[in-house]
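Enquirer: sequence and computational prediction follow.
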Amino acid sequence: MLSFIGKTWEEIDGKPLFSLVPPDERERVHKHWQQCVLEGSSYQDTYQITGADGKLHWYLVGGEPFRDETGEILHWYGVCADIDDLKETEVALQQREHQLREITETIPAMIWCADADGQPTYYNRRHTEYAGTDISETRDLGYKKLIHPDDWESVIQRWTHSIQTGEPHTDVFRMRGMRREDGQYRWHQVRAEAMRDADGNIVQWYGLNIDIDEQKCTEDSLREVQTQLARATRIATVAELSASIAHELNQPLTSVIANAHACRRWLATNPPNLDEVRSSVECILRDGHAADETMQSIRTLFKRESLKKSQCSIPDMVRDAVKLLKEDPTMRDAAIMPEFPNNLPDVNVDQIQIQQVLINLLSNAIEATENTGRTPQVGITGAFLDELLATIEISDNGDGIAELDTLFEPFVTSKAKGMGIGLAISRSIIEAHDGTLTARNNLDQGATFSLTLPIFALSGNR
């Protein structure tokens, strides 16, 4: 102590250490000490003392009274422990904590924390201002009132899955600010990661909500425009195709009609001119064959598109098809549940064409539940059929198929606005891949489409 102070015992001359305490603290420290002496109680305090270097150093000061047999205090014994480094660390930690809190409070996103069971433990200021609720109001699923009713089931399923497995959490859903007078829900993207202890146990979840409502609305508007453009393109294509077919068939059919009239006139003569009749019939047959060949060439055009085959993963193609399908706002709420075995082999196909078939079948499965009052549920499974073929099955929970026998015939449809060519083209694509496409009604409800595809490249494939 003398070395720290830089004085000898004679230089101290009985002066208390309080004279080395900063003036603004000296009175408080002295009063505290006098109170303990008066009461004879243990003394402990923390304050700064000026050292021989002229600098202030933090000390933890403690004192205990020593008593005789009667309890009379004879002496006081004290210890001053240098805690300067500890105090500097404590101040630095406080500053870091303050800085971190300021960051979480000012960052342009809603930050939240939850314990290992998913119970909320912290909301930053932006979250509280938007939600208009505190921690106590949102515990035990109290935050359900903030989530759009149509999104709640999927939100709680995904969050529960992350809590049970520890997997990173990600979701997109609509969330309402309780202080918003218009009651509007806004789209938010949510991400959360688990913090673990040394043993790998989850001790805390840290989450981030980002408002993406404007982006989502813009994307939806763009998709709607794209959908309308695609629909207009299809209509224009059908119109162009119809005009082309009509042009190609017009000449032979006109000739057939003309020769039929001629045949009737030659038969009406007296006597009938059988040689001319025979010639007219021959012309009719010739022109009829010409019309048939025209139709066959058009059919060939559809069936012999160039196939760029490669080994493709069935789960990957299905995931891509589902992702593209979910871009359509009318299909977004459908529950699509793919289940594939781990050893499912790749198939040798034109990936783009097979994905178009999958999108068509998935769209039909979702639309099959229209006017049933049921939420669309689509199951997708895959299996190893034999050494050469793999199968994919797509099932729905609709009302089933009324006319199975004519399902794949062109221009046969049960939809009010359908053209009846989607399934016909899909079957043509699958058959061009040396596969099959069939359908059946389920025992309980809905229907199942089964398609088989080759695993390896077959000889003679295009």
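Expert: Alright, I've got the coordinates. The model shown is predicted, which means the values in this text are computed figures rather than measured ones.
Enquirer: now do the contacts for the spatially most central residue of the chain.
Expert: Centroid-nearest residue in the chain, with CA atoms, centre = their mean: residue 171, separated by 5.2 Å. Under the criterion of CB atoms under 8 Å, 6 or more residues apart in numbering, the contact partners of residue 171 comprise 154, 155, 158, 159, 189, 190. The C-beta positions use only the backbone N, C-alpha and C, and glycine is treated the same way.
Enquirer: any of these buried? List them.
Expert: Of the members of those, the ones counted as buried by neighbours, 16 or more other CB atoms under 10 Å, are 155, 158, 159, 189, 190.
Enquirer: let me know the closest of these to residue 389.
Expert: Distance to residue 389, by CB to CB, is smallest for residue 158 among the buried ones among the contacts of residue 171, at 35.5 Å.
Enquirer: residues in contact with the closest one?
Expert: With CB under 8 Å, 6+ apart, residue 158 has these contacts: 169, 170, 171.
Enquirer: helix, strand or coil: sort out the last one for me.
Expert: Under the three-state scheme (DSSP: H, G, I helix; E, B strand; the rest coil), residue 171 adopts strand.
Enquirer: hey, what's it bridged with?
Expert: Listed by DSSP bridges, the beta-bridge partners for residue 171 are residue 190.
Enquirer: buried residues in stretch 429-443, which are they?
Expert: Buried residues in stretch 429-443, defined by neighbour count with 16+ other CB under 10 Å: 429, 430, 432, 433, 434, 435, 437, 439.
Enquirer: and for stretch 38-57?
Expert: Within stretch 38-57, the residues scored as buried using 16+ other CB under 10 Å are 43, 45, 47, 48, 49, 50, 51, 56, 57.
Enquirer: and the gap between residue 18 and residue 170?
Expert: 61 Å (CB to CB, to the nearest Å).
Enquirer: which ones among the buried residues of stretch 38-57 map onto strands?
Expert: Among the buried residues of stretch 38-57, the ones falling in strands (DSSP state E) are 43, 45, 47, 48, 49, 50, 56, 57.
Enquirer: now pLDDT and distance to residue 361 too, for the residues you listed, in a markdown table please.
Expert: Putting these into a markdown table (pLDDT from 0 to 100; distance: CB to CB, whole Å) gives the following:
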| residue | pLDDT | distance to residue 361 |
| --- | --- | --- |
| 43 | 93 | 84 |
| 45 | 93 | 80 |
| 47 | 91 | 79 |
| 48 | 90 | 79 |
| 49 | 89 | 83 |
| 50 | 88 | 85 |
| 56 | 90 | 79 |
| 57 | 90 | 79 |
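Enquirer: rebuild the residues you listed as CSV, extending it with distance to residue 284.
Expert: What follows is these, written out as CSV (distance: CB to CB, whole Å):
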residue, distance to residue 284
43, 125
45, 120
47, 119
48, 118
49, 123
50, 124
56, 118
57, 118
